[in-house]
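A.B. asks: test case, fold it:
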Amino acid sequence: MSSTSSPAAVRRVLVVGAGLTGSLCACLLRRKFQDKVHIVVWDKARGAGGRMSTFRPPDPSSSSSSHSADLGAQYISATREYARSHHSFYSELLAAGVLRPLDCAVEGLRRRDGGADYVAPLGMSGVVKHFLRESGADVFLEHHVTALSRRGASWEVRRKDGAGRQFDSVVLTVPVPQILQLRGDLEDVVSVQQKALLSDVSYSSRFALALFFAPGVDVGVPWALRYYNDGDDDDADLKVVCYAAVEPRKRGTEDDAGRGPSLVVHTGVPFGKRHLERDVEEVQPVILREVRRLIPALPQPIGIKCHKWRYSQVVSAVAGRPGHMVLSERPLLVCAGDAFTHSNFDGCLTSALSVLAVFKDVM
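C.D. replies: Predicted structure coming up:
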C-alpha cells in the first residue's frame, strides 16, 4: 500500500482577551497563516472591546433614542512616526468608515506633536470589532479563563465555570495582574526574572460616567471635548473630573436623526486611586455632583452608566518595552498588550506585530 504525505495539522490558537491587542493578534495571524490556524478568542466580558468598549444606555427602553458612549478610549492619536509606519492600518480603518479624522477642537489639551487624531463614528469598540471580523475567529464572550495546564504538546485552558479545552498555542492579552493570577502550571513556566518584570508593571485607575439624554436635548456646553486639569498633581483628586466629551459631537455624527446626545466624563487618576475599592454605586453620586457643578445647565438624563476601570492605562511598562513575552516555547504561550509597549492604538499594534513575528518563527 503506497503512502501519501498528510497535510500539516491546523494549529489551534487561543487568544485570551477581546480587546484591541487580542483582536489585532487574531487578525494578523489569520492574514499571515490563512487556513493553517484555527483561531479562537475568549473574553470574560459580555461584549468585545476591552478598554475600547462602547456602552449603550442601561435602560433598554432608552437605548434606541440615545447615542452610545465610549467609556474607555476616547479617540486615537497617531504621532507623525506612527502615522507613517502604521499607515496601512490607519488607511484600512478610514476606508472602512471605522475611523474618521477628529475635526473639532479639544479644549484644555496642552501638548500637540503635529500628529493626527481620529474618532470612531460608531464608537471605539468598532475598531476592535473590525479586526475581529477580519480574523474570522470564533469569538466566545463570558469565557473567564482561570487556569492553564500543560497536556503534552498542548495547553489545557480552563474557565471559571470549570469547562476546559486544549490548544496548541495561547496568547494572553489581558492585564498583567490577571495573568499572574492564573492557576495551573503557569507558576512553573514563568521564570523568576520574568515574574519580576511582570510584577513591576503598574496601571492607573479611574471611573468613567456616561449620561444619556433624550433626542433634541441641549447638554448645556458649547464644546465637544474638554480636559479640566492635568490629572496628576497632588490635589487633582479634589477636582474629581479631568475630562469630558459630548457624543455625538466628538464623533462628528451630531446630525443623526432621532438620537439623543450623551455626555462622558473621566475622573482623574488620583481620584480613581483613592476610591478604587469602593463600589461604583457609592462613587457615582460623587462624580455626578461634580459634573452638575461644572455644568450648571446640565439637563436631566434619561439614563446613567458608571464604570470602574481598575486597569486604565499603563503607568510602568515591562522594562525595555519588548512588545511581548514568551512564557513557554513548547507549547507556545505568549503574553502581549500595552503593558509591553505603551497605552494607545499604536502600542497595541506594535505588540500584536511582535506576536506575529513569534508565530512566524514557530509555524
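A.B. asks: what residues of the helix or strand where Leu132 lies count as buried?
C.D. replies: In this structure, Leu132 is located in helix 125-135 according to DSSP states H and E. Buried positions in helix 125-135, judged by neighbour count with 16 or more other CB atoms under 10 Å: 125-132, 134-135. Using the backbone N, CA and C atoms, a C-beta is placed for each residue, glycine as well.
A.B. asks: state the mean pLDDT of it.
C.D. replies: Throughout helix 125-135, pLDDT has a mean value of 98.
A.B. asks: so how far is Gly136 from the closest residue to Val201 other than its chain neighbours?
C.D. replies: Leaving aside its sequence neighbours, Val201 sits nearest to Val176 (CB to CB, 6 or more residues apart in numbering; 4.4 Å). For Val176, the distance to Gly136 equals 28 Å [CB to CB, to the nearest Å].
A.B. asks: so between those two, which is more surrounded?
C.D. replies: Neighbours of Val176 and Gly136, each counted by other CB atoms under 10 Å, are more numerous for Val176; the result is 25 against 16.
A.B. asks: domains of this protein?
C.D. replies: 11-44+142-201+318-362, 54-76+102-124+205-312 (automatic domain parsing).
A.B. asks: let me have those in TSV, extended by distance to Glu92.
C.D. replies: Formatted as TSV, these follow (distance: least, CB to CB, whole Å):
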stretch	distance to Glu92
domain 11-44+142-201+318-362	10
domain 54-76+102-124+205-312	12
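A.B. asks: looking at the ones you listed, which is buried most?
C.D. replies: domain 11-44+142-201+318-362 (a mean of 20; mean count of other CB atoms under 10 Å).
A.B. asks: roughly how far is it from the heart of the chain?
C.D. replies: Its chain's C-alpha centre and that of domain 11-44+142-201+318-362 lie 15 Å apart, by CA atoms, centre = their mean, to the nearest Å.
A.B. asks: over to stretch 298-315?
C.D. replies: So, by CA atoms, centre = their mean, the centroid of stretch 298-315 is 15 Å from its chain's centroid.
A.B. asks: before we move on, the earlier item: by contact count, what packs against the helix holding Leu132?
C.D. replies: With contacts taken as 3 or more CB pairs under 8 Å, 6 or more residues apart in numbering; DSSP states H and E, helix 125-135 sits against helix 20-33, strand 37-43.
A.B. asks: can you tell me what sits against it?
C.D. replies: Applying CB atoms under 8 Å, 6 or more residues apart in numbering, the contact partners of helix 125-135 are 18-20, 23-24, 26-27, 29-31, 39, 41, 47-50, 52-54, 70, 76, 93, 96, 98-99, 120, 139, 345.
A.B. asks: let's see that with 6 Å instead.
C.D. replies: 20, 23-24, 26-27, 30, 39, 48-49, 52-54, 98, 120, 139 (CB atoms under 6 Å, 6 or more residues apart in numbering).
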